[in-house]
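Visitor: sequence and predicted model, in that order:
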Amino acid sequence: MNTYVEKVDVVVIGAGHAGCEAALACARLGLETVIFTMSADNIAFMPCNPHIGGSSKGHLVREIDALGGEMGKNIDKTFLQSKMLNTSKGPAVHSLRCQADKMEYSKAMKKVLENQEHLTIKQAEVTEILFEDYSEDDYTKRITGVKIFSGIVYEAKEVILCTGTYLKSRCLTGEAITYSGPNGLQPSNILSESLIKAGIELRRFKTGTPARMDGNSIDYSKMSEQFGDDPVIPFSFDTDPQDVQRPQVSCWLTYTNDKTHEIIRNNIDRSPIYAGIIEGVGPRYCPSIEDKVVKFPDHERHQVFVEPEGTFTNEMYIDGMSSSLPEDVQIQMYRTVPGLENCKIVKSAYAIEYDCLCPGQLTPFLEIKHIKGLFSAGQFNGSSGYEEAAAQGLYAGINAAMQIMNKPYLFIDRSEGYIGVLVDDLVTKENLEPYRMMTSRAEYRLLLRQDNADIRLRSKGYEVGLIDQERYDRLLSKIDSIEKEVIRLKNTTVGANKDIQKFMEDNGSSPLKTATSLSELICRPEFSYESLAPIDPDRKELPKDVIEQVEITIRYEGYILRQERQVEQFKKLEKKLIPADINYDDVSSLRLEARQKLEKFRPTNIGQASRIGGVNPADVSVLLIYLDTVYKK
């Protein structure tokens with residue numbers, strides 16, 4: 001039978017958040033790209049909570065935007081409510097979170113893809129990756145393309161796997177099991193076998209989602225109303241702040257109680273999680289309500305956020321009560337929650353299982369180690385979350401493009417961005433559950449703030465070609481303004497005269513004993529840059545984002561310098577490269593576990609080796625001595 005063949009540069013499998021960023025990156029760099037999706041009507045779909053950002057995840061969205069990605073711009077166009085989290089704490093953990101209009105977000109992203117030059121959307125199931133034997137460096141195979149269900153072959157130089165939760169997926173609601181993708185969409189049942197045939201090891205993971213309620217059946221008077229911020233801060237550095245100042249909808253807060261927990265405990269044997277029906281491992285940091293009740297028996301209640309799914313629907317998302325309990329138990333359980341006594345379930349909660357990648361098979365550039373040209377991103381890599389997926393998609397897309405264009409890979413290390421932390425953790429750690437980004441995972445988080453993502457990473461976006469000259473010049477102008485204003489404030493002093501002392505007293509600050517710089521005054525907690533305006537007549541009007549950076553730079557200068565010194569030590573270990581041909585069996589003093597782990601993950605440098613689970617400081621010392629002895633002769 002004759003086979004019809006299409007030729008492209010890049011194939012992206014999956015049009016979720018990872019796939020969209022990967023495909024856009026490749027197409028914007030001039031590569032002919034086709035993105036395959038099981039449903040062209042569900043591009044950038046949000047099967048779980050329709051929100052973007054949140055603690056640490058907001059950092060990722062800002063970094064995606066700084067590099068030239070789309071997620072931040074898209075949520076700025078389609079949010080229902082916007083809120084900056086953790087504002088009572090320091091700037092390192094401030095994180096923007098936006099409740100999205102679920103359908104509008106998907107439609108807006110689809111429109112971007114449809115109008116992107118060099119990008120084609122194709123609704124079809126990819127059933128096979130095509131490859132040939134190849135022997136160069138550590139590769140044993142090279143990707144040649146894919147085949148779809150109809151038999152058509154797409155020859156390609158690079159393929160990016162962004163399959164999300166669709167590979168051999170099944171949804172579980174108690175004893176009822178549906179062999180489908182999220183929200184009843186068609187699963188991908190054939191591709192897994194092709195990946196296994198190519199030598200890729202797969203495992204099963206699980207995630208879940210709560211029920212959706214008819215908003216007309218909810219009594220909001222029994223809940224606490226949650227408002228958005230005023231003014232709204234945009235996600236994208238390119239969005240005009242005035243464009244996001246628009247009316248917002250409310251979210252609502254309520255709580256579970258003893259009755260809720262009693263119903264769950266009485267029916268726990270009917271939960272697939274506890275009945276042994278579910279094979280996959282679920283996310284530790286996003287547990288089901290039955291997990292919360294079992295693991296935290298001393299908690300009298302758990303928070304439940306009731307959030308809108310969109311402007312043109314009454315459906316409400318019940319955040320905090322994901323479950324896989326049977327539908328009859330769900331009805332009883334939800335109706336014990338204040339405000340949900342008469343609720344009507346539109347879509348029942350469910351757990352979903354799917355195939356994903358076993359750890360130890362990724363390079364630091366998100367390429368499958370032994371197959372040249374096969375990259376992967378998102379939940380297939382063992383992560384969870386829209387933001388984690390989008391970040392990986394952009395990273396994998398850029399590096400696939402760099403490989404085709406014979407340019408250096410994009411590399412972001414742990415000291416440069418949350419994306420670097422995310423990728424490094426996926427590459428070096430045996431994550432036994434879906435990986436979720438958290439601020440606590442970033443050891444240099446004071447440097448990796450969401451507010452300075454453009455300063456940290458926009459130059460990298462410019463170097464790879466996703467940030468144009470105009471946007472890059474704006475960044476350089478911003479950096480110049482920050483530096484000049486910091487210097488001016490350090491060199492501008494005020495004396496201890498009568499007027500200044502009166503100003504200090506009026507602001508609840510201790511009087512000056514001698515002349516003091518404005519930068520020293522900013523370090524006092526009772527003052528801010530803005531509040532010093534009356535005693536700083538020579539200041540020029542500056543944009544709010546510049547003022548924010550000036551204030552943080554001055555106020556946290558000592559802490560920032562200390563962390564920068566830590567980064568210098570980190571960089572030294574990252575620069576100690578490990579030869580690709582090293583045989584760890586030759587390192588005689590290395591413990592067996594360390595030898596096995598190093599062989600499995602094949603780290604590229606000593607810093608990376610030190611972060612592999614099972615490799616302790618003594619093993620690192622042994623390895624350093626071996627490298628100095630054997631490879632420096």
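Guide: All right, it came through fine.
Visitor: switch to C-alpha atoms for all contacts and neighbour counts from now on
Guide: Noted.
Visitor: how about stretch 472-481: buried residues?
Guide: 472, 475, 478-479, 481 (16 or more other Cα atoms under 10 Å).
Visitor: repeat for stretch 209-225
Guide: So for stretch 209-225, counting by 16+ other Cα under 10 Å, buried means 209-215, 218, 220, 223.
Visitor: tell me which residues touch the spatially most central residue of the chain, please.
Guide: Geometric centre of the chain, nearest residue: residue 388, 2.4 Å, by Cα atoms, centre = their mean. Applying Cα atoms under 8 Å, 6 or more residues apart in numbering to residue 388 gives the contacts 57, 60, 378, 422, 436-437.
Visitor: one step back: let me have the buried residues of stretch 209-225 in JSON lines, extended by secondary structure and distance to residue 432.
Guide: Below are the buried residues of stretch 209-225 laid out as JSON lines (DSSP: H, G, I helix; E, B strand; the rest coil; distance: Cα to Cα, whole Å):
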{"residue": "209", "secondary structure": "strand", "distance to residue 432": "20"}
{"residue": "210", "secondary structure": "coil", "distance to residue 432": "23"}
{"residue": "211", "secondary structure": "coil", "distance to residue 432": "27"}
{"residue": "212", "secondary structure": "strand", "distance to residue 432": "29"}
{"residue": "213", "secondary structure": "strand", "distance to residue 432": "33"}
{"residue": "214", "secondary structure": "strand", "distance to residue 432": "36"}
{"residue": "215", "secondary structure": "helix", "distance to residue 432": "37"}
{"residue": "218", "secondary structure": "coil", "distance to residue 432": "38"}
{"residue": "220", "secondary structure": "helix", "distance to residue 432": "39"}
{"residue": "223", "secondary structure": "coil", "distance to residue 432": "37"}
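Visitor: let me know the pLDDT of the closest residue to residue 30 other than its chain neighbours.
Guide: Distance criterion Cα to Cα, 6 or more residues apart in numbering; nearest residue to residue 30, sequence neighbours excluded, is residue 118 at 6.5 Å. As predicted, residue 118 sits at a pLDDT of 98.
Visitor: what do you get for residue 8?
Guide: 98.
Visitor: if we can go back for a sec, from the buried residues of stretch 209-225, which is closest to residue 608?
Guide: Comparing the buried residues of stretch 209-225 against residue 608 with Cα to Cα places residue 209 closest, at 34.5 Å.
Visitor: which ones are touching the nearest residue to the closest one once chain neighbours are set aside?
Guide: In space, residue 209 comes closest to residue 322 once its chain neighbours are excluded; the distance is 4.6 Å by Cα to Cα, 6+ apart. Going by Cα under 8 Å, 6+ apart, residue 322 touches 208-211, 287-289, 349-350.
Visitor: check residue 155 too.
Guide: 5-9, 144-146.
Visitor: now with 10 Å, please.
Guide: 5-11, 130-131, 143-147 (Cα atoms under 10 Å, 6 or more residues apart in numbering).
Visitor: show me how to select, in ChimeraX, the buried members of those.
Guide: In ChimeraX, a selection of the buried entries from the contacts of residue 155 looks like this (16+ other Cα under 10 Å):
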select :8,9,10,11,130,131,143,144,145,146,147
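Visitor: can you show me the helices along the stretch 351-500 of the chain?
Guide: Secondary structure of the stretch 351-500 of the chain (DSSP state H, counting those that start in this stretch): helices at 386-404, 418-428, 453-464, 469-491, 498-506.
Visitor: show me what the helix or strand bottoming out on mean pLDDT in the chain is packed up against.
Guide: Lowest by mean pLDDT, DSSP states H and E among the helices and strands of the chain is helix 272-275, with a mean of 76. When contacts are defined as 3 or more Cα pairs under 10 Å, 6 or more residues apart in numbering; DSSP states H and E, helix 272-275 sits against strand 170-173, helix 289-295, strand 350-357.
Visitor: winner for burial among these?
Guide: Of all those, strand 350-357 has the most neighbours on average by mean count of other Cα atoms under 10 Å, namely a mean of 26.
Visitor: sheet partners, orientation included, of that strand?
Guide: strand 170-173 (antiparallel), strand 202-209 (antiparallel) (DSSP bridges).
Visitor: in TSV: these, plus distance to residue 570 and mean pLDDT.
Guide: As requested, those are exported to TSV (distance: least, Cα to Cα, whole Å; pLDDT from 0 to 100):
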stretch	distance to residue 570	mean pLDDT
strand 170-173	43	93
strand 202-209	33	93
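Visitor: turn the ones you listed into JSON lines, columns for distance to residue 37.
Guide: Below are those laid out as JSON lines (distance: least, Cα to Cα, whole Å):
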{"stretch": "strand 170-173", "distance to residue 37": "18"}
{"stretch": "strand 202-209", "distance to residue 37": "21"}
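Visitor: residue 34: which of the ones you listed is closest?
Guide: strand 202-209 (24.9 Å).
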